[in-house]
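Asks: with the sequence up front, the predicted model follows.
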Amino acid sequence: MPTTALIVDDSKLARLVAAKLLRLIKPDWEIAEAANAEAAMAVMGVRQVDVALLDFNMPGKDGLELAADLRVAKPDMPIAVVSANIQDEIIARARSVDATFLPKPLTEEALAGFLSGAALRLRRAAL
């Protein structure tokens, strides 16, 4: 069964950029997209999702609130919170829900580092 990454961002352009980078790094992974936290939870209800990339600043629930919800639903899922808002408080809050913080604009190098760790975490969980 292929690994599925969920990209959640209210910006369609940001989702396209993240999906393009993800396809470069992990061409065999499937990609699901959502524009907000509510849509992300709906996707989680109908699809197997293994990894999540969450925008921090979204209308409604922000990415950190969504990360906390996802952590309850899937305690071992690798989660990254992606934001241009690079404040210590945001980074600390991401860590408090066991999420990785990735700065925007998202780079291939930063995403590759996260996905490498995510793939390792998924392999360990499957054992």
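Replies: Cool, got the structure. Numbering: from 1, shown residues only.
Asks: use CA for all of it now, contacts and neighbours both
Replies: Will do.
Asks: strands of the protein, residue ranges please.
Replies: 4-8, 30-34, 51-55, 79-83, 100-103 (DSSP state E).
Asks: Provide the contact partners of the first one at residue level.
Replies: Same thing as strand 4-8. 15, 18-19, 29-37, 40, 48-55 (CA atoms under 8 Å, 6 or more residues apart in numbering).
Asks: can you show me the helices along this protein?
Replies: 12-25, 37-46, 63-73, 88-96, 108-126 (DSSP state H).
Asks: list the contacts of Pro103.
Replies: Pro103 neighbours (CA under 8 Å, 6+ apart): Val82, Ser83, Ala84, Asn85, Ile86.
Asks: state the distance from the last one to Val51.
Replies: As defined by CA to CA, to the nearest Å, Ile86 lies at a distance of 22 Å from Val51.
Asks: give me the more crowded residue out of those two.
Replies: Val51 (22 against 13; other CA atoms under 10 Å).
Asks: surely the more buried one meets Val81?
Replies: No: if you go by CA atoms under 8 Å, Val51 and Val81 don't touch, sitting 11.4 Å apart.
Asks: partners of the residue nearest to the spatial centre of the chain in the sheet?
Replies: Nearest residue to the geometric centre of the chain (CA atoms, centre = their mean): Leu53, 1.5 Å. Here Leu53 sits in beta bridges with Ile7, Ala80, going by DSSP bridges.
Asks: next one, pLDDT for it please.
Replies: Listed pLDDT for Leu53 reads 98.
Asks: ok, now Arg123?
Replies: 88.
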